[in-house]
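Asker: Sequence first, then the predicted structure, then my questions.
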Amino acid sequence: MGPSSGHHYPDDVNLKVMMGYPAASRDYSHHHHHAPPPPQFQSPHSGTYVYNAYGQPMTNDDYYKFEEAERERRAASVRRLVLLLAVILFCGMMVAAWLLCTVYAPEFSVASLKVSNFSATNTSLTGTWEAELSIHNWDKGITVQFNSVVSSLFYQEALLAMESPPSFQVPQMERYALKFNLSVLNNGDSGLNATVPPGLLQELDTGTVVFGLRVAMEAVFQTSGGVLSRDHIQIFCGNMAIVFSSHDQGSLAPGLGNTCLMSIHRE
């Protein structure tokens, strides 16, 4: 029945006691106990009080262990920073090396090779070669300066002629035609040793003689910002088959020996 029925309900505390609950004291002042604050340890360096992770005061040994751990943590951070800087420096060097190695090397080919006034016997050799070497610089940002150029003409391993063309430059994405003449050296200055190789005379009888052309020079690769590298390069153009239209004149056979091999020696 509701409260309007007139029944009187006992006090809540007495009701709880009757129902089996312990009586709650109305005086709360005796039950609110506060734990005393833990004793504080004052840092000898900072003047502040230091506690451990459990809220307990730190002793001197604990404090110095804590400072040692902090020093080790800072040292580890410095080591990680140094390692990171070393990795960044190494990666930068690798990128620079990659950029240097990916410079497009010039392409060399023989555009023309002719010989005139050619004469060969067992003990003498004469002739003048007119050579045209085509150099193509494929790089879009590199200009190549060629210095100290020395060209040589060989039959097998025997040196027949030598010449030093002037220095020249090939701008980016351009082609340059290097033209020069080579005359037969005196026997004492060449590899003939006062005799003409028998193979040359035998080939001459067939109407075709195979020569080799070598060019050594210094190549200076440079950009708008300065010199990128200085290299010594050697060009070898082998299998240069000269077809003689007459006994003393000949020219390069079409499609033979046009492409040259190149080796680079970094300074």
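Answerer: That came through, no problem.

Asker: so Leu81, which of the three states?
Answerer: At Leu81, secondary structure determined by DSSP: H, G, I helix; E, B strand; the rest coil is helix.

Asker: burial measure for it, as a count.
Answerer: Counted with other CB atoms under 10 Å, residues neighbouring Leu81 total 10. Bear in mind the C-beta positions are built from the backbone N, C-alpha and C, glycine included.

Asker: what do you get for the one 5 residues further on?
Answerer: Using other CB under 10 Å, Ala86 is surrounded by 10 other residues.

Asker: Surely it is within a strand?
Answerer: No: read with three-state DSSP, Ala86 is helix and lies in no strand.

Asker: In the stretch 51-200 of the chain, where is pLDDT below threshold?
Answerer: For the stretch 51-200 of the chain, the stretches with pLDDT under 70 are 51-63, 95-103, 187-194.

Asker: any chance you could map the helices in it?
Answerer: Remark: helices assigned in the stretch 51-200 of the chain by DSSP state H, counting those that start in this stretch are 60-101, 198-206.

Asker: Take these and write them to JSON lines, including distance to Asn122.
Answerer: Output for the helices of the stretch 51-200 of the chain, formatted as JSON lines (distance: least, CB to CB, whole Å):
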{"stretch": "helix 60-101", "distance to Asn122": "50"}
{"stretch": "helix 198-206", "distance to Asn122": "7"}
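
Asker: So which of the ones you listed has the densest surroundings on average?
Answerer: Of the helices of the stretch 51-200 of the chain, the one with the most neighbours on average (mean count of other CB atoms under 10 Å) is helix 198-206, at a mean of 13.

Asker: could you give me the average pLDDT of the biggest strand by length in the chain?
Answerer: When the chain is parsed with DSSP state E, its longest strand is strand 226-244. Regarding strand 226-244, the rounded mean pLDDT is 93.

Asker: Looking at the helices of the stretch 51-200 of the chain, spot the one closest to Ser116.
Answerer: Ser116 sits nearest to helix 198-206 of all the helices of the stretch 51-200 of the chain, at 14.7 Å, using CB to CB.

Asker: for the helix or strand that the closest one is followed by, packing partners?
Answerer: Heading C-terminal from helix 198-206, the first helix or strand you meet, by DSSP states H and E, is strand 208-223. Applying 3 or more CB pairs under 8 Å, 6 or more residues apart in numbering; DSSP states H and E, we find strand 208-223 packed against strand 107-120, strand 125-136, strand 143-155, helix 198-206, strand 226-244.

Asker: Please export the C-alpha coordinates of strand 208-223 as CSV.
Answerer: Output in CSV follows, covering the C-alpha atoms of strand 208-223 (Å, rounded to 0.1, in the frame of the first residue of the first chain):
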residue,chain,number,x,y,z
THR,A,208,91.9,-5.0,-98.1
VAL,A,209,94.0,-4.2,-95.1
VAL,A,210,92.6,-4.0,-91.5
PHE,A,211,94.0,-1.3,-89.3
GLY,A,212,93.3,-0.1,-85.7
LEU,A,213,92.9,3.4,-84.5
ARG,A,214,93.6,4.5,-80.9
VAL,A,215,93.0,7.9,-79.3
ALA,A,216,94.1,8.8,-75.8
MET,A,217,93.1,12.1,-74.2
GLU,A,218,92.0,13.9,-71.0
ALA,A,219,88.3,14.5,-70.6
VAL,A,220,87.1,17.2,-68.3
PHE,A,221,83.4,16.8,-67.5
GLN,A,222,82.0,20.2,-66.4
THR,A,223,78.6,21.7,-65.5
